[in-house]
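Chemist: fold the following and give me the result.
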Amino acid sequence: MRRSKKKSEVKGFLEAVRPLWVSGWAYTVDESQPVTVRLWIDDTLRAEMKADQLREKMRDLAIHPTGRCGFIFQLDQLAIQLPDKCVVRVTAGDSDHEIWQSPWPYWSEDARPKGRSDDQEEPRSPLGDQFFFIHIPKTAGTSFGDMLLNVFPEDQIFANRHDKKDNNTFFPSHNDYLLLPQEKLESVRLLVGHVPFAIGEILPRTFHRLTFLRNPRDRVISHLAFAHEHFPVVKGQSIEQLFHQVKRGQLTNAQVVYFADSDPYDLQYFKRQAPIDEQAVRQAVLNIHKCEFVGIVEEFETAVRVIEAMFGWKLGQIPFKNKSSTRAKVNIPQHILDEIDEITRLDQIVYEAARQRFQHLKETFLK
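Modeler: Residues are numbered from 1 along each chain as shown. You can find the predicted model right below:
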C-alpha cells in the first residue's frame, strides 16, 4: 500500500499507536457522511470502523464542520494483540488512501531498538562519512538543499526529488525513515527531510549533522504567508483564521520540537506526546551543540561560506526557493504578533543557542 499519487479528497492523521489502541482522525472533503477507516497490521486487514467520534477541536478550528471525524481502534475489545515488532497502517475511504503518519513502525517496550550512546563512535568506513540535514520548514532549507546537489549525487540522497514526487511532492513522514531497509541506509550519503534531530541516529556510519534555524517570529510569519498562498485547503481564509487553525500543531515552539528528542524510536516531543517545557528546551539546546554545522537564516550567505570552509565544498550560486510572493504584503495584526511571540517563547531560547553556535563557527572557520 502506497500513498496514492493521484490527488485525493481524503484527509487524515494517525495520531498514536499504543499496545491497547490506535487513534486518529479522517474525513472526506465535501462529503457529510463519516469515512470508513481500516486498520492493517503487517499488511493484513484486521478491523474497520467509521471515523465518526467527536473531536471538538477539529470543529472549533473549522477543519471539520461537526468534529465527528475521530476514530479509536480499541485493540483489546477487538481481540487484537500487536506483535512485538510490526508495521501499523490506517487507510481511509473507498480507495484506501493512506493517511498521514501511516505507516507507523511499532515496537513493544522490550523490542524497541536502542540508539547509539553519546560516546559511541562508529568506525570510519571506506564508503565515507554520512551527512544529515535537519530541514526545519521555512528556514531556507529548500535553497540549501538545492546547493547540496553540487556535492552529493541525487541517487545518494534520501529523500531526493524522486522520493518527494512519489509522496505527492512532500518529504516522507518520519515513520518512513524508520522503515528504510539497511541496504538503503548504507547507500545514502545525505539524509534530509522535515524530520527531527534524533532521526540521524538510524544512519549506520559516522555522520555529521547540518541545520539552519531562524528568528521564531519571522519563521512563523513565513510559514503563514506560504501556506496562505500555496495551499488550496485554506483558500478564502484570512491569515488570522489560518494562524488559529495551525498554531498548535505546526507553529508552537516548532524549533524546540525538532531538537528535543534524542531517541529515533521514541519521539515523544516531535509527536507532541510530551509537554514542550523547560526540560525539552534544555535537551534541544544540548542537541543543537551536537550539530557540526548550525547556520541561521539571517546570515545565510555567511553560513554558506562557513560550511564550505568546514568541509571543503563548493556549493555554487545561492538560489532562493519556496519564497512567498506575498510575504512582504502580509499584514498581521499586532495581537497576532504578540501571540506568535508567546507561542514561540521557548523557540527563542533555542534560536539564541543556535546563534551562539553559529558565531563560534564563524570565528573558527572564517578567520
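
Chemist: just the pLDDT for residue 286.
Modeler: What the model reports for residue 286 is a pLDDT of 97.

Chemist: count of residues packed around it?
Modeler: Using other C-beta atoms under 10 Å, residue 286 has 14 other residues around it. Every residue, glycine included, has its C-beta placed from N, CA and C.

Chemist: and it, what element?
Modeler: helix 278-288 (DSSP states H and E).

Chemist: and for residue 72?
Modeler: Going by DSSP H and E, residue 72 is part of strand 68-74.

Chemist: and the helix or strand following that strand, what does it pack onto?
Modeler: Where DSSP H and E defines the elements, the next helix or strand beyond strand 68-74 is strand 85-92. Contacts defined by 3 or more C-beta pairs under 8 Å, 6 or more residues apart in numbering; DSSP states H and E place strand 85-92 against strand 10-17, strand 21-28, strand 36-41, strand 97-98, strand 104-107.

Chemist: what sits up against the first one?
Modeler: Going back to what we said before, that points to strand 10-17. 22-29, 35, 37, 51, 82, 88, 90, 92-93, 95, 97, 99-102, 104, 106, 271, 273 (C-beta atoms under 8 Å, 6 or more residues apart in numbering).

Chemist: state the mean pLDDT of the helix or strand following the helix holding residue 286.
Modeler: On the C-terminal side of helix 278-288, the nearest following helix or strand under DSSP H and E is strand 293-296. Average pLDDT, strand 293-296: 97.

Chemist: what average pLDDT does whichever helix or strand comes after strand 293-296 get?
Modeler: Downstream of strand 293-296, the first helix or strand assigned by DSSP H and E is helix 300-311. Averaged over helix 300-311, pLDDT sits at 96.

Chemist: helix 300-311: which residues count as buried?
Modeler: 300, 303, 304, 306, 307, 308, 311 (16 or more other C-beta atoms under 10 Å).

Chemist: contacts only, for the fourth one.
Modeler: By that I understand residue 306. 293, 295, 358, 361, 362, 365, 366.

Chemist: from the chain's centroid, how far away is the strand holding residue 72?
Modeler: 24 Å (C-alpha atoms, centre = their mean, to the nearest Å).

Chemist: what does that strand contact?
Modeler: 20-27, 34-35, 37, 39, 47, 49-55, 58, 80, 90.

Chemist: so where's this structure shaky on pLDDT?
Modeler: 1-8, 114-127, 230-236, 247-248, 320-330 (pLDDT under 70).

Chemist: okay, now the nearest residue to residue 130 once chain neighbours are set aside: neighbour count?
Modeler: Leaving aside its sequence neighbours, residue 130 sits nearest to residue 207 (C-beta to C-beta, 6 or more residues apart in numbering; 4.0 Å). Residues near residue 207, counting by other C-beta under 10 Å, number 20.

Chemist: distance of residue 207 from residue 34?
Modeler: Distance, residue 207 to residue 34, using C-beta to C-beta, to the nearest Å: 45 Å.

Chemist: repeat for residue 99
Modeler: For residue 99, the distance to residue 34 - C-beta to C-beta - is 14 Å.

Chemist: residue 202 now?
Modeler: Residue 202 is 37 Å from residue 34, by C-beta to C-beta.

Chemist: who has more neighbours, these two?
Modeler: More neighbours surround residue 202 than the other of residue 202 and residue 34, with 22 against 19 (other C-beta under 10 Å).

Chemist: circling back to that earlier point, so what's the backbone phi/psi at the residue nearest to residue 130?
Modeler: phi -140, psi 160 (degrees, to the nearest 10).

Chemist: buried sites along stretch 238-256?
Modeler: 239, 242, 243, 245, 246, 247, 251, 252, 253, 254, 255, 256.

Chemist: so how far does it reach from one end to the other?
Modeler: In terms of C-alpha to C-alpha, to the nearest Å, the two terminal residues of stretch 238-256 are separated by 27 Å.

Chemist: what's the answer for stretch 146-157, then?
Modeler: By C-alpha to C-alpha, the extent of stretch 146-157 from end to end equals 12 Å.

Chemist: and the contacts of it?
Modeler: Here stretch 146-157 has contacts from 131, 133, 160-162, 187-192, 304, 313-316, 318-319, 321, using C-beta under 8 Å, 6+ apart.

Chemist: weed out the non-buried ones from those residues.
Modeler: 131, 133, 160, 188, 189, 190, 191, 192, 304, 315.

Chemist: identify the farthest-apart pair in those.
Modeler: Largest separation among the buried ones among the contacts of stretch 146-157 by C-beta to C-beta: 188 and 304, giving 22.8 Å.

Chemist: could you list which of the buried residues of stretch 238-256 belong to strands?
Modeler: Secondary structure from DSSP state E places none of the buried residues of stretch 238-256 in strands.
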